[in-house]
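Undergrad: Model the structure of this input:
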Amino acid sequence: MERQGELLGNRAAVGRVAIADRSKPVAVWLFATAFVVFGLVVVGGATRLTGSGLSITEWKPIMGVVPPLSAADWESAFAKYRQTTQYHDLNQGMSLAGFQAIYWWEWTHRLLGRLVGVVFAGPLIGFLALGQVPRRLIWRVVGLLGLGGLQGLVGWWMVVSGLEGRVAVAPERLAVHLGLALLLFVALIWTGLEAWFGRGQPAAHRGWRRAATGLAALVYLQCLLGALVAGNQAGLVDNDWPLMDGRLLPSDYWVGGLWRSLLHGQAAVQFNHRLVAYAVVVLAVGLAGVAAFRGQFLSKAQREVALAVGALVAAQAALGIATLMARAPLPLSQAHQALATIVLAAAAIQAWRANRSARVL
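TA: Residues are numbered from 1 along each chain as shown. Okay, the predicted model is just below:
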């Protein structure tokens, strides 16, 4: 009887540790923040596609939340925009109504950035005070707060690059800005899953784990390359497929210098985006095929996620080709960017599952 009581006590202790290791309220909060970040990324894409990102020429983290409220305020904001190179070279003669249209896109984008901070920082303080954040995740969520702050600073660093001497922001800074936003997005989802399910055991299938993790990394790289395509307006050239201006390798890939070609060559960034897209499709569809026909070693949830990722990647590839061949119209471009973020989320979830033993899912 004494031995049995000891065993029951040990099991109860293990159960208490398991409960303390996870928190569903914290997970819901992290998922909700990730959803707001998704909206931020989508609106940010629309802001760039509409050429609105330089309409607000000042960075006021607190007071900037208030838009112009009077005719004098609007005229003052418009006068500052008229000093930019973008106005002089592209929008000379723009009306106040035209300026207001692009202003609201950028203002909404910045408002969502502030909202991310509020949605994350406020509950974080409460959860920490109540001791609801699993101990092993405390420094991780604090790091996410810092990453969100850094994202805001990088956003202004990006805008500054387009205020003088350019008609748009520097493509490489756009890629860094988007890359940090997507890193925050994935980290929120990953940490939310950790908070929901608790600590897991390493997966036994090393090959599947590496392949799924590699796919998520490849999708992330593809998103960065997509930012370079967008920043260089490379979707407006070489609009045939599968060739590029009738050639396998574009004749104007090299524009003088390695980094200049990779970061600023329209043909180069589009060609690189195409190549990585092919790799993503092959790997994602391959993993889906393994899950469907040889996935006995996987859990049902892992198989379902692999099939979903394969389908999403195939849809995204088809949408990308349609967007390119239509010369990147606004609705298709917005849909392509939004679906890319969804694909990244799905690939991250697949990688997270692949890195955990099926017994604990």
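
Undergrad: only C-alpha atoms for contact and neighbour calcs from this point on.
TA: Noted.

Undergrad: Report the spatially closest residue to D89, excluding sequence-adjacent ones.
TA: Using Cα to Cα, 6 or more residues apart in numbering and skipping residues adjacent in sequence, the residue nearest D89 is V167, 7.0 Å away.

Undergrad: Tell me the confidence at that neighbour?
TA: Looking at V167, its pLDDT is 87.

Undergrad: check contacts around it.
TA: T85, Q86, Y87, D89, L90 (Cα atoms under 8 Å, 6 or more residues apart in numbering).

Undergrad: Helix, strand, or coil at it?
TA: coil (DSSP: H, G, I helix; E, B strand; the rest coil).

Undergrad: Mind giving me the packing neighbours of the strand or helix carrying L30?
TA: Here L30 sits within helix 24-49, counting by DSSP states H and E. Helices and strands touching helix 24-49, by 3 or more Cα pairs under 8 Å, 6 or more residues apart in numbering; DSSP states H and E, are helix 96-130, helix 171-197, helix 330-354.

Undergrad: and the residue lying closest to L344 once chain neighbours are set aside, how many neighbours?
TA: Closest residue to L344 apart from its sequence neighbours, by Cα to Cα, 6+ apart: V219 at 6.0 Å. Neighbours of V219 under the rule other Cα atoms under 10 Å: 25.

Undergrad: how far does stretch 228-247 stretch from start to finish?
TA: Terminal residues of stretch 228-247 are spaced 22 Å apart (Cα to Cα, to the nearest Å).

Undergrad: Show me what counts as buried in it.
TA: Using 16 or more other Cα atoms under 10 Å as the test for burial, stretch 228-247 gives 228-239, 244.

Undergrad: Kindly report the same for stretch 250-268.
TA: For stretch 250-268, by 16+ other Cα under 10 Å, it's P250, Y253, W254, V255, S261, L262, L263, H264, G265, Q266, A267, A268.

Undergrad: Toward the C-terminus from the helix holding L30, list the very next helix or strand.
TA: helix 71-81.

Undergrad: quick one on the thing from earlier: what's the average pLDDT for the host helix or strand of the residue nearest to L344?
TA: Of the helices and strands defined by DSSP H and E, V219 is found in helix 206-231. Computed over helix 206-231, the mean pLDDT rounds to 95.

Undergrad: that older thread, filter the contacts of V167 down to the buried ones.
TA: T85, Q86, Y87.

Undergrad: so who does the first one touch?
TA: By Cα under 8 Å, 6+ apart, T85 lies in contact with G162, L163, E164, G165, R166, V167.

Undergrad: which of these has the most neighbours?
TA: Neighbour-wise, the contacts of T85 (other Cα under 10 Å) top out at L163, 23 neighbours.

Undergrad: what's the closest of the contacts of V167 to A345?
TA: Q86 (34.3 Å; Cα to Cα).

Undergrad: Apart from its chain neighbours, what residue comes closest to that closest one?
TA: V167 (4.0 Å).

Undergrad: what does Q151 give?
TA: L180 (6.1 Å).

Undergrad: again with V159
TA: V169 (5.9 Å).

Undergrad: Any idea how many residues pack against that neighbour?
TA: 23.

Undergrad: Does it touch S161 like I think?
TA: Yes - counting by Cα atoms under 8 Å, V169 does reach S161; the two are 5.3 Å apart.

Undergrad: one step back: pretty sure the residue nearest to Q151 contacts L153?
TA: No - the criterion here is Cα under 8 Å, and L180 misses it with L153 at 10.8 Å.

Undergrad: higher neighbour count, the two?
TA: Taking other Cα under 10 Å, L180 and L153 do not tie; L180 has more neighbours (19 against 14).

Undergrad: Tell me how far the residue nearest to Q86 lies from Y87.
TA: V167 is 8 Å from Y87, by Cα to Cα.

Undergrad: again with G148
TA: 31 Å.

Undergrad: try V159
TA: 14 Å.

Undergrad: Equivalent analysis for F297, please.
TA: 59 Å.

Undergrad: again with R260
TA: 26 Å.

Undergrad: Could you do G286 as well?
TA: Distance from G286 to Y87, by Cα to Cα: 48 Å.

Undergrad: which residues touch Y103?
TA: Neighbours of Y103 in contact, by Cα under 8 Å, 6+ apart: S52, S55, I56.

Undergrad: quick one: which of the residues you listed has the most company?
TA: Most surrounded of those: other Cα under 10 Å gives S55, at 27 neighbours.

Undergrad: All set, thanks.
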